[in-house]
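>>> Sequence and predicted model, in that order:
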Amino acid sequence: DAGITQSPRHKVTETGTPVTLRCHQTENHRYMYWYRQDPGHGLRLIHYSYGVKDTDKGEVSDGYSVSRSKTEDFLLTLESATSSQTSVYFCAISGNPGTGSNYGYTFGSGTRLTVV
Amino acid sequence: QKEVEQDPGPLSVPEGAIVSLNCTYSNSAFQYFMWYRQYSRKGPELLMYTYSSGNKEDGRFTAQVDKSSKYISLFIRDSQPSDSATYLCAMSDSPGGGNKLTFGTGTQLKVEL
């Protein structure tokens, strides 16, 4: 999607290895989110950020960490990948309150991660 | 019980049919309701956004919210094969900009020629 890119698009990794996924935005939005999407569960929030160096946990944060050192970049790290973390990961951004662009989220195209 | 329930489908309809997609929810604090469309191997894209109860129309799409019944709907008129996708409902207790959305699991729709 325009304004938000995720990398890599696909990754296969081995159990026990660390993995970092990157989300990059060019919209200068304050809020960024990491979700995972699994059949039967839908989209579940892993972590989110409300500014540089300001992050908080979502509902499925165990085994994940995040960092945001610049407005435009939000990194998701799987500290020691497990097979249960095989999923599609989506990054999303939302606009700043009061700007008129704060309705809903804009999602990236996703990263398909397989842990073997 | 999940906060937001959505029938996963799949729902298969002929081209030109009227499609009705629905979600129910349990959290009475939800006031902001959204529908996202997700094509295969793509990210969700915002389709409709409504606040509180009532109807909102945008072209062939109508979103309807009934807060008293905790029930929201998306209607698609004159459905087209290009409407084939998964439709996710989402809701929040606060407007955008830092709000956390709760999503339904999505309904897979196929519109056949």
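That came in fine, so what should we check first? Residues are numbered from 1 along each chain as shown, chains lettered A, B, ... in the order given.

>>> Near chain A, which residues of chain B are found?
Residues of chain B found near chain A (CB under 8 Å from any CB of the partner chain) are B:6, B:8, B:34, B:36, B:41-46, B:49, B:88, B:90, B:95-101, B:103-106. C-beta here means a position set from N, CA and C on the backbone, and glycine is covered the same way.

>>> And those residues, which of them are buried?
Using 16 or more other CB atoms under 10 Å in any protein chain shown as the burial test, the residues of chain B next to chain A include B:6, B:34, B:36, B:42-44, B:49, B:88, B:90, B:95-99, B:101, B:103-106 as buried.

>>> So which of the residues you listed sit within strands?
Among those, the ones falling in strands (DSSP state E) are B:Gln6, B:Met34, B:Tyr36, B:Tyr49, B:Leu88, B:Ala90, B:Phe103.

>>> show me the residues around the closest residue to the first one other than its chain neighbours that make contact.
By the measure of CB to CB, 6 or more residues apart in numbering or on different chains, the closest residue to B:Gln6 outside its immediate chain neighbours is B:Gly104, 3.1 Å from it. For B:Gly104, the contacting residues are A:Gly42, B:Val4, B:Glu5, B:Gln6, B:Cys23, B:Leu88, B:Cys89, B:Ala90, by CB atoms under 8 Å, 6 or more residues apart in numbering or on different chains.

>>> quick one: pLDDT of B:Gly104?
For B:Gly104, the model assigns a pLDDT of 94.

>>> Ramachandran angles for it?
phi -80, psi 170 (degrees, to the nearest 10).

>>> Likewise for A:Ser84?
A:Ser84 adopts backbone torsions of phi -70, psi -10, taken as degrees, to the nearest 10.

>>> which residues touch it?
A:Val115.

>>> can you tell me how far it sits from A:Gly104?
Separation of A:Ser84 from A:Gly104 (CB to CB, to the nearest Å) stands at 29 Å.

>>> With A:Gly95 instead?
9 Å.

>>> how about low-confidence regions in chain A?
A:1-2, A:96-103 (pLDDT under 70).

>>> ok, now chain B?
The model of chain B has pLDDT under 70 over residues B:96-97.

>>> quick one, phi/psi of the residue lying closest to A:Ile46 once chain neighbours are set aside?
Excluding the flanking residues, the one nearest A:Ile46 by CB to CB, 6+ apart is A:Trp34, at 4.4 Å. Dihedral pair for A:Trp34: phi -120, psi 130, per degrees, to the nearest 10.

>>> I'd like to know the beta-bridge partner residues of A:Trp34.
With DSSP bridges as the criterion, A:Trp34 is bridged to A:His47, A:Cys91.

>>> Tell me how many other residues crowd it.
Other residues near A:Trp34 number 28, with proximity taken as other CB atoms under 10 Å in any protein chain shown.

>>> show me the contacts for it.
A:21, A:23, A:45-48, A:58, A:64, A:66, A:74, A:76, A:89-91 are the contacts of A:Trp34 under CB under 8 Å, 6+ apart.

>>> For the contacts of B:Gly104, give me a markdown table that also has distance to A:Val12.
Output for those, formatted as a markdown table (distance: CB to CB, whole Å):
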| residue | distance to A:Val12 |
| --- | --- |
| A:Gly42 | 24 |
| B:Val4 | 32 |
| B:Glu5 | 34 |
| B:Gln6 | 31 |
| B:Cys23 | 34 |
| B:Leu88 | 27 |
| B:Cys89 | 32 |
| B:Ala90 | 30 |
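
>>> Having no further points to raise, I will conclude here.
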